[in-house]
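Enquirer: What would the 3D arrangement of this be:
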Amino acid sequence: MGCTCVRAASDTESTAKKYDQSVVVGKFQKQPFKINEPIECFLPNGEDVAETIDYLNQTIQQAEVTDHFVNIADADPQAYDQLFTQQRQKAIDNQSYRSIIESWHFQSLQQLADAIKTLSKNKSLIDCHWIVFYSIAFNIEYDTIAYFSKDYTNQSAENVFLTKKGTCDGYVHLYKYLCDHLKIPCKIIRGYSKGYGFDVRTDAPSEVDHVWNTVQINQHWYLTDSTWGAGFMNDQKGFKREFNSYYFLPHPQQMIYHHLPEYTRWQLLKDPISMKQFLQMPNLHPAYFEFNLELIYPCNRSYVQLLPNKAYALVIVEAPENVNLIADLKLHDEKVEGGHQVIFDEKKNLYCCFFAPNSIGKHKITIYAKYVVQETDLYSSVINLNLNIEEMPRNPISYPQTWKIFFDLQLKVISPVSSHIIRLEKGDSYAQIVIESPDDVELLGRLVDEKKNEIEGGYQVYYDHRKRYWICCFAPNCDGTCEAVIMAKRKSDKGLYTSALAITIKAKYIPTPPVSYPETWQLFHDLHLQVLSPINTHIIRLDKEDAFAQILIQAPDDVELLGRLTNNEKGVVDGGHQVYYDHRHHYWQCRFAPNDNGIFKADIMAKRKSDHDLYTSAVAFKIIARNISKPSLSYPKTWQLFHDLELKIDVPYNCSTAFLSDNASFAEVRIDTPEDIELMCKIGYDNVEEENQTLTQFDHEKKQWQLLFAPQQTGQHQLSIFARHRLDVEKKFNIVAQLDLNVTNLQNPIKFPFTYGKFVTNQCRIYEPLNGILESNAIILFHYVIPGATEVKLQIDTKWIDTEGYIDSIFQTKMKIGLNNVIVYAKYDQGNNYDALIKYSVQ
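Expert: Predicted coordinates for the structure are as follows:
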């Protein structure tokens, strides 16, 4: 009779790691399905668990007293003592055996038999059988043509050796031939198996469909299957060669889950099982035993049903702490979207696997496992179960995709409930997911399209302190399917965020233009900030005459903002931003000026005024700039007081940098101010300020302040501007603005005359001489604007000089300079006091 069943496996199992057989067969196996205490499990969505737990326990207890319950135990437990286990594993791990066998290229079966006999000389029977097993499994390929054509002729040992192909009949005949040549006991066992095609079987097989071997070692009988040890049949009906040593002398109490001998004797079990029981038993893969799993529910069945009055079925698996489980639900070999959710109960080490079908039909449940510390992310198939749905529940549900961290961090989906899909139709622009979490957890979002490309500006995730939950908004940029991913981590964890939850969004009739979100940080929402303009977008486009982007932010009175503009290489754009509070309109004006074409990021940072810490990022927009005019607009650095006092820089216009013309000795800054404001200025080089390098004066013709800066060396200088109300003479000047001055060529450096406080307060101006150092004995023209004085005098060489050149605020006269300082005084009342205004030094 030919073989009609070969081992089947999923692609996941085909790439899984090899099993540690010393673990599989060398340890005491807990009896599967034996429940010693009532079980508990975690049910999602806050359901009352008591009724479900009672039902599960009653079902398990009922199974123990029915003919469905199978007490599976090896008939000869001494056969698997410690010595046997060690010798078996030693043979499997013997790389010398493998290397020698893999180097053989014999032309006849006799040559192979002789070589095996030579290699086996003086070896243990376990080693002899391993040499035979590996020789066959390594060299013989399963004959899929014969399998599907049902042509099982000529499966002799000789023919299988020559063609290097065979069905299971060919494998066992070759194994028996080689054992006979070694004169060691070996038999062929015919029976039934849960291999390729078993899932589509509707009733018990009418005839045997598989054969394997049993061998005697030291008066004990063992099972072995070199066919399944060689590889498996994949879903493409091809043979996948993948050696698996599990099928070399495994426990009978494990083999019985997929191998049922025709004669009960060769089950090698203490209590043999029937065909009915075999078919009802779950399909457990070899990895199930390696991972030391225990299927708690369903109890000793190959299928599950929907729980009473529920829209889902439940599978409960006990697993060691170092093992992770995942699962899937399939219908017609296609995964059911939102069809499963796996929850780990750390207290009981139980995995609760929920399965929610979305249509009628025969579904297949697969559970996979891997070690937590395993380097690869590949999982091994461990359990297959059936779920047959003949009538859909009244209120079907589905599950969003969840990761282990979702449950580890005790997250909970408040909305949407019991669904893995959010549908956007009829003008809906975004989906909202509401998540509850402990206080020490923070979330982050990501929206990806069908090709797993992230959708820029597609999400906004923040914690609502008033409602005490996370609001996660996701805005698709076009019709179609996308995935909303929510990532999480503990606040104390300095590592990256990890995926916790994913929900599918199906969008139709998305508005044009679509909604998008600027990047926001939790601080944005904690401080109750609001973007007034632009709305529903994360991008600002500048083209042609647009010189800057404007963002309007509403904020509470105790909050202050700061800005920063960076280019695509994350370099800060000097003079690229201006942020201030507009008291008249009661919002923050945030302006950003790119210095070139390209992509920029406008960052707005915030903090409470009472907070002495640094500003923290709150919101960010993307700026796409085209056709930016040259020279580009730039902003001097300004403080809030600059805008509160309604100051305006006229020169340089729309520029953060002052200029020093060729052959000029000083740079000029002109500022418009209200009448009650007075200014002063400083120049710094390498953080050092020197005297007489600045001159603050008022231009009465243009009604603006003229600030002059005389650098003494080339290089980068910083120009600082200060202001105060004229009536606040007892208060200090406060800084309001800063500009840069880059001096590359300086031919005639000068220093300005020293000016006294009354010079600025009375809004005086020097036409000439601007150079504060006069040449002795020279005749100099003095030309000033000195408003409001009754008399102006000069003091030269400590002598008072009467002048007649002061008419209508204009003082103009020529004088010969002596050897000492020259000081200009003005009298403002009827008394005898004169106020010093200007002082020159003489050399």
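
Enquirer: Quick one: the helices in the stretch 1-150 of the chain, in order.
Expert: Taking DSSP state H, counting those that start in this stretch to define them, one finds helices in the stretch 1-150 of the chain at 11-14, 21-26, 49-64, 82-92, 95-103, 109-120, 125-139, 144-149.

Enquirer: To residue 460, which of the ones you listed lies closest?
Expert: helix 49-64 (34.7 Å; CB to CB). For every residue, glycine as well, the C-beta is placed using N, CA and C.

Enquirer: Who are the packing partners of that closest one?
Expert: In terms of contact count using 3 or more CB pairs under 8 Å, 6 or more residues apart in numbering; DSSP states H and E, helix 49-64 is assigned the packing partners strand 294-297, strand 313-318.

Enquirer: Buried residues, it. List them.
Expert: Using 16 or more other CB atoms under 10 Å as the test for burial, helix 49-64 gives 52, 56-57, 60, 63.

Enquirer: got it, and stretch 769-786?
Expert: Counting neighbours by 16+ other CB under 10 Å, one finds that the buried residues in stretch 769-786 are 769-772, 774, 780, 782-786.

Enquirer: so of those residues, which ones are in helices?
Expert: Nothing among these maps onto helices, per DSSP state H.

Enquirer: For those, could you give me JSON lines that also reports pLDDT?
Expert: Shown next, in JSON lines, are the buried residues of stretch 769-786 (pLDDT from 0 to 100):
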{"residue": "769", "pLDDT": "96"}
{"residue": "770", "pLDDT": "96"}
{"residue": "771", "pLDDT": "96"}
{"residue": "772", "pLDDT": "95"}
{"residue": "774", "pLDDT": "96"}
{"residue": "780", "pLDDT": "95"}
{"residue": "782", "pLDDT": "95"}
{"residue": "783", "pLDDT": "96"}
{"residue": "784", "pLDDT": "96"}
{"residue": "785", "pLDDT": "97"}
{"residue": "786", "pLDDT": "96"}
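
Enquirer: Out of these, the closest to residue 80 would be?
Expert: Proximity of the buried residues of stretch 769-786 to residue 80, judged by CB to CB, is greatest for residue 772, which lies at 104.9 Å.

Enquirer: re earlier: now, among the buried residues of stretch 769-786, which is nearest to residue 208?
Expert: residue 770 (114.1 Å).

Enquirer: My read is that that closest one contacts residue 750, right?
Expert: Yes: at 7.0 Å, residue 770 and residue 750 qualify as touching, with contact defined as CB atoms under 8 Å.

Enquirer: Please look at residue 803 and residue 813 and confirm they touch.
Expert: Yes: here residue 803 lies in contact with residue 813, judged by CB under 8 Å, at a distance of 5.0 Å.

Enquirer: who touches both of these two?
Expert: A shared contact of residue 803 and residue 813, defined by CB atoms under 8 Å, 6 or more residues apart in numbering, is any residue touching both; here these are residue 794.

Enquirer: Could you check how far residue 117 is from residue 110?
Expert: Separation of residue 117 from residue 110 (CB to CB, to the nearest Å) stands at 10 Å.

Enquirer: Which residue of these two possesses the greater neighbour count?
Expert: Neighbour tally, residue 117 and residue 110, criterion other CB atoms under 10 Å: the higher count belongs to residue 117, 15 against 12.

Enquirer: Tell me if I'm right that that one and residue 182 touch.
Expert: Yes: if you go by CB under 8 Å, residue 117 and residue 182 touch, sitting 6.0 Å apart.

Enquirer: If you average pLDDT per helix and strand, which one of the protein comes out bottom?
Expert: Within the chain, judged by mean pLDDT, DSSP states H and E, the helix or strand with the poorest mean is helix 21-26; its value is a mean of 34.

Enquirer: what bits of the stretch 1-150 of the chain have low per-residue confidence?
Expert: For the stretch 1-150 of the chain, applying pLDDT under 70 flags the ranges 1-49, 63-70.

Enquirer: mind listing what residue 733 touches?
Expert: Residue 733 touches 679-680, 722-724, counting by CB under 8 Å, 6+ apart.

Enquirer: For residue 123, which residues are in contact?
Expert: residue 131.

Enquirer: For residue 454, see how far away it is.
Expert: 60 Å.

Enquirer: again with residue 481
Expert: Distance, residue 481 to residue 454, by CB to CB: 15 Å.

Enquirer: middle-most residue in this structure, spatially?
Expert: Centroid check for the chain by CA atoms, centre = their mean gives residue 497 as the closest residue, at 5.1 Å.

Enquirer: Would you check that my belief about it contacting residue 485 is correct?
Expert: No: contact status for residue 497 versus residue 485: not in contact, 9.9 Å apart, counting by CB under 8 Å.

Enquirer: Now do the contacts for residue 257.
Expert: Residues touching residue 257, when contacts are defined by CB under 8 Å, 6+ apart, comprise 194, 281-284.
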